[in-house]
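1. A structural model of the following input is requested.
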Amino acid sequence: MRIVKSLFQGIGFLLMVLVVTSCGRYNDISVKGVSRVQFRGLQQNVVLLNLDVEIDNPNTRKIAVTNIEFKAWLSGRELGDFRISESIKLIPCSRETYTVPVEIKLRTVADAFKLVSSGSIETLLERIEVEGIIKAKSFPVRKTIKVARQPFRKIAASL
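-> Below is the predicted model of the structure:
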């Protein structure tokens, strides 16, 4: 009987901690822009990039962007999948530039060669449209943001 009482007290304490910590207000994170794009390579039909992205996190807690998954189009034609290859941990109360490793998985190897030969990566990102989701978390809150189809460069202004 005593064990059951301790168990209920422990569960009650954990629930109170969760309620108190989840009541905190979160401010919106803002993406200020992509300052540099670096081509890391091409592996079969996957283009590897590093994007230097300036992000303002006004929150007092660390926020982790755990997943970004987009469908990508180029000139109205489906290109493939655009996603981050590592989560990004945003420093609390900061405005920092983060290097974000990105993969663009193309539908065919021919699309990869077409992309690489089409000019600079910066102009390529101007022409790509994306649609998908961004997932982020900060214990105990998780959030999924749906991104409507739009040019990749416009995402910074819309978040």
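2. what about the strands in the chain?
-> 30-43, 46-57, 63-74, 77-84, 88-90, 94-106, 128-138, 141-151 (DSSP state E).
3. Any chance of these in CSV with distance to Ala112 and mean pLDDT as columns?
-> Quick note: C-beta positions are derived from backbone N, CA and C, even for glycine. Supplementary listing: those in CSV, determined by distance: least, CB to CB, whole Å; pLDDT from 0 to 100:
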stretch, distance to Ala112, mean pLDDT
strand 30-43, 6, 82
strand 46-57, 6, 88
strand 63-74, 12, 90
strand 77-84, 9, 89
strand 88-90, 25, 92
strand 94-106, 5, 92
strand 128-138, 14, 88
strand 141-151, 21, 87
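4. could you dump those strands to TSV with mean neighbour count?
-> Supplementary listing: the strands of the chain in TSV, determined by neighbours: other CB atoms under 10 Å:
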stretch	mean neighbour count
strand 30-43	13
strand 46-57	18
strand 63-74	18
strand 77-84	18
strand 88-90	16
strand 94-106	16
strand 128-138	18
strand 141-151	12
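5. Contact partners for the residue nearest the centre of the chain?
-> Geometric centre of the chain, nearest residue: Ile68, 4.0 Å, by CA atoms, centre = their mean. Applying CB atoms under 8 Å, 6 or more residues apart in numbering to Ile68 gives the contacts Phe82, Arg83, Ile84, Gly132, Ile133, Ile134, Lys135.
6. Any idea what the fourth one is bridged to?
-> Same thing as Gly132. Using DSSP bridges, the bridge partners assigned to Gly132 are Phe70, Val147.
7. What residues does Ile29 make contact with?
-> Ile55, Asp56, Asn57, Pro58, Asn59, Ile63, Leu90, Ala136, Leu159.
8. what's the pLDDT at the fourth one?
-> Looking back up the chat, that one is Pro58. Per-residue pLDDT puts Pro58 at 90.
9. what about the nearest residue to it once chain neighbours are set aside, how many neighbours?
-> Residue nearest to Pro58 in three dimensions, not counting chain neighbours: Asn27, with 4.4 Å by CB to CB, 6 or more residues apart in numbering. Here the count is done by other CB atoms under 10 Å, and Asn27 has 10 residues near it.
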